[in-house]
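Peer 1: please work out how this folds:
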Amino acid sequence: MSLAFRFSLFFLLLNSLAFAQPNKIITNKDNYNWMLGASWMMLDDDGVETNPFNFSEYHSAPYPTRFFVDKYIYNGWSVEGSICFQKYDSTKYVNDSLRINGNLFGFDVHSKYSFYKMLGRSWIDPYVFAGGGITSRQLDDRNTAKAMSINANIGGGINFWVAYNIGIQLQSVAKFSLNDFMGPSNYMAHTAGIVVRLEKSNGEGNDFAKSKYKVKKSRSKIKVPKDKKKQKES
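Peer 2: The predicted structure follows:
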């Protein structure tokens, strides 16, 4: 089975799962519309599955390297698309080798479920997700990972809503390569960043924006002074 065929079949399945819902759910009230975010990524690509939190071997950058957009669907479910970029640190391990130079690029699509409503719509918003994506590595020949791989992803995270519609997001995801399952192309990514949720623009109500003011729409009768009324009649 060719790589192109597996790629097409995999993403066809993802799209079917994400969008095979009745049209009426798109107009569901009590939700946000879009969620946007940028994160600092800590890449765990040292090839040691037994120690997924080996902080000393994380590849990272001082600026955000992951960007995502999330579209709310229905009753806690949403669909997320993200891109990421990470430059490898030559002093950290990449699988079993040091002094590896190169870059990693990734694109992912996830189906997410948030427990926000179940927890009473508080400032804590945990979620889980699953999906897939593509990883491209530009490395020297000593690295044993595939230059291009298709991933099956699973992970979870939490949003802390510290303001009206602004939050801090922490997330971890494990990515399993379908090219060499449980091989050197697998890796993990941990992220911390800022997330912003946007309200619906069509006037529908939602959890995050409720008007504090009510406008009285009843008509009021304008009273005309008696002296002006007499002048008008004469």
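Peer 1: contact partners for Tyr58?
Peer 2: By CB atoms under 8 Å, 6 or more residues apart in numbering, the residues touching Tyr58 are 42-44, 92, 190. Where you see a C-beta, it was placed from the backbone N, CA and C, and this is true even at glycine.
Peer 1: what is the neighbour count of Gly37?
Peer 2: Here the count is done by other CB atoms under 10 Å, and Gly37 has 23 residues near it.
Peer 1: what residues are up against the nearest residue to Trp34 once chain neighbours are set aside?
Peer 2: Closest residue in space to Trp34, ignoring its immediate chain neighbours: Leu198 at 4.5 Å, by CB to CB, 6 or more residues apart in numbering. When contacts are counted by CB under 8 Å, 6+ apart, Leu198 touches 32-36, 165.
Peer 1: by contact count, what packs against the top strand by length along the chain?
Peer 2: If each strand of the chain is counted by residues according to DSSP state E, the longest one is strand 124-139. Judged by 3 or more CB pairs under 8 Å, 6 or more residues apart in numbering; DSSP states H and E, the packing partners of strand 124-139 are helix 3-19, strand 102-114, strand 148-161, strand 166-177.
Peer 1: lowest-confidence stretch among the ones you listed?
Peer 2: Lowest mean pLDDT within these: helix 3-19, at a mean of 44.
Peer 1: helix or strand right after it?
Peer 2: strand 34-44 (DSSP states H and E).
Peer 1: and Tyr74, bridged to which residues?
Peer 2: Tyr74 forms beta bridges with Trp77, as assigned by DSSP bridges.
Peer 1: let's have the contacts of Leu198 in JSON lines, adding neighbour count, pLDDT and distance to Gly120.
Peer 2: Below are the contacts of Leu198 laid out as JSON lines (neighbours: other CB atoms under 10 Å; pLDDT from 0 to 100; distance: CB to CB, whole Å):
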{"residue": "Tyr32", "neighbour count": "21", "pLDDT": "89", "distance to Gly120": "17"}
{"residue": "Asn33", "neighbour count": "16", "pLDDT": "93", "distance to Gly120": "22"}
{"residue": "Trp34", "neighbour count": "15", "pLDDT": "95", "distance to Gly120": "23"}
{"residue": "Met35", "neighbour count": "22", "pLDDT": "96", "distance to Gly120": "20"}
{"residue": "Leu36", "neighbour count": "13", "pLDDT": "97", "distance to Gly120": "25"}
{"residue": "Asn165", "neighbour count": "14", "pLDDT": "91", "distance to Gly120": "18"}
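Peer 1: pretty sure Val173 is touching Ala189, no?
Peer 2: Yes: the criterion here is CB atoms under 8 Å, and Val173 meets it with Ala189 at 5.4 Å.
Peer 1: if we can go back for a sec, could I get the contacts of Leu198 as a markdown table with distance to Ile150?
Peer 2: Formatted as a markdown table, the contacts of Leu198 follow (distance: CB to CB, whole Å):
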| residue | distance to Ile150 |
| --- | --- |
| Tyr32 | 30 |
| Asn33 | 30 |
| Trp34 | 27 |
| Met35 | 26 |
| Leu36 | 26 |
| Asn165 | 35 |
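Peer 1: who touches the nearest residue to Ala130 once chain neighbours are set aside in this structure?
Peer 2: Counting by CB to CB, 6+ apart, Ala130 lies nearest to Ile154, which is 4.9 Å off, once chain neighbours are set aside. By CB under 8 Å, 6+ apart, the contact set of Ile154 is 129-130, 173-174, 176.
Peer 1: go on, Gly156?
Peer 2: Here Gly156 is in contact with 126-129, 171-172 (CB under 8 Å, 6+ apart).
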